[in-house]
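> below: sequence and its predicted model.
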Amino acid sequence: AQSVTQPDIHITVSEGASLELRCNYSYGATPYLFWYVQSPGQGLQLLLKYFSGDTLVQGIKGFEAEFKRSQSSFNLRQPSVHWSDAAEYFCAVARGAHKLVFGQGTKLTINP
Amino acid sequence: DSGVTQTPKHLITATGQRVTLRCSPRSGDLSVYWYQQSLDQGLQFLIQYYNGEERAKGNILERFSAQQFPDLHSELNLSSLELGDSALYFCASSQSGTSGHNEQFFGPGTRLTVL
């Protein structure tokens, strides 16, 4: 069965610093990969997605992610975090068209 | 705003009761998905409907059921509620239910508290 691992439960960075959130997946076929963000009390917003092609994908709010098949990873990066980026981030893999399998989430705290 | 609406926003009820959660997908989306988010289980897929028919099932309890109506809105019915059913329930929708290129858009969720 496919699975998604986000090794970091909680990360704290200073405003303006760079950020990398890790995501590893286990899936037998070509994965469809997503990063979602959940602000407190809110639903899930799609940041970016990878289906095929260029392994570096750009998303909203200046986020990007790189798909590395050899490492089974899809890490999310932000070159300069803003206080409004404080939220919980979820990596997910799609199994066909049916369901998303989510990682445990990484909670991001921003120091002013 | 994703375009997916869910009602009610909050629901407080007692053990043994039955509740219905409602979801309206984005205009034009044929698939509706239900997910449960709890502290111990994280985000778990429950069930998917596509154009009125059940398409996939996940970790959904027998006490839970869902349906999708001709106007494509969906309802998730939770019965014989237990304390452990307290969670945030998300609905998501997508254009297709048959393709891997399947971006899901999430509603704001319904927070269920069982006392």
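Received the coordinates, thanks.

> any idea how far residue A:83 is from residue A:42?
Using C-beta to C-beta, to the nearest Å, we find residue A:83 at a distance of 16 Å from residue A:42. Glycine gets a C-beta too; all of them are placed from N, C-alpha and C.

> look at the two and report which has more neighbours.
A direct count of neighbours by other C-beta atoms under 10 Å in any protein chain shown for residue A:83 and residue A:42 places residue A:42 higher, at 13 against 10.

> need the contact list for the nearest residue to that one once chain neighbours are set aside.
In space, and not counting its chain neighbours, residue A:42 is closest to residue B:108: 6.5 Å by C-beta to C-beta, 6 or more residues apart in numbering or on different chains. For residue B:108, the contacting residues are A:42, A:43, B:4, B:5, B:6, B:9, by C-beta atoms under 8 Å, 6 or more residues apart in numbering or on different chains.

> using the three-state scheme, assign residue B:108.
Secondary structure state of residue B:108, per DSSP: H, G, I helix; E, B strand; the rest coil, is coil.

> tell me the phi and psi of it?
When read as degrees, to the nearest 10, the backbone of residue B:108 gives phi -80, psi -10.

> work out for me the element the residue positioned nearest the centre of chain B sits within.
Nearest residue to the geometric centre of chain B (C-alpha atoms, centre = their mean): residue B:34, 3.0 Å. Assigning secondary structure by DSSP states H and E places residue B:34 in strand B:31-38.

> for the next helix or strand after that strand, C-alpha coordinates in PDB please.
As assigned by DSSP H and E, the chain's next helix or strand after strand B:31-38 is strand B:42-50. Listed next in PDB are the C-alpha coordinates belonging to strand B:42-50 (Å, rounded to 0.1, in the frame of the first residue of the first chain):
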ATOM      1  CA  GLY B  42      -4.600  12.300  10.700                       C
ATOM      2  CA  LEU B  43      -6.300  12.800   7.300                       C
ATOM      3  CA  GLN B  44      -8.100   9.700   6.200                       C
ATOM      4  CA  PHE B  45     -10.100   9.100   3.000                       C
ATOM      5  CA  LEU B  46     -13.600   7.800   3.700                       C
ATOM      6  CA  ILE B  47     -15.500   7.500   0.400                       C
ATOM      7  CA  GLN B  48     -15.800   8.800  -3.100                       C
ATOM      8  CA  TYR B  49     -18.800   9.400  -5.300                       C
ATOM      9  CA  TYR B  50     -18.800  10.100  -9.000                       C
END
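
> so which residues on chain A come close to chain B?
With C-beta under 8 Å from any C-beta of the partner chain as the criterion, chain A meets chain B at residues A:32, A:34, A:36, A:42-46, A:49, A:51, A:90, A:94, A:96-105.
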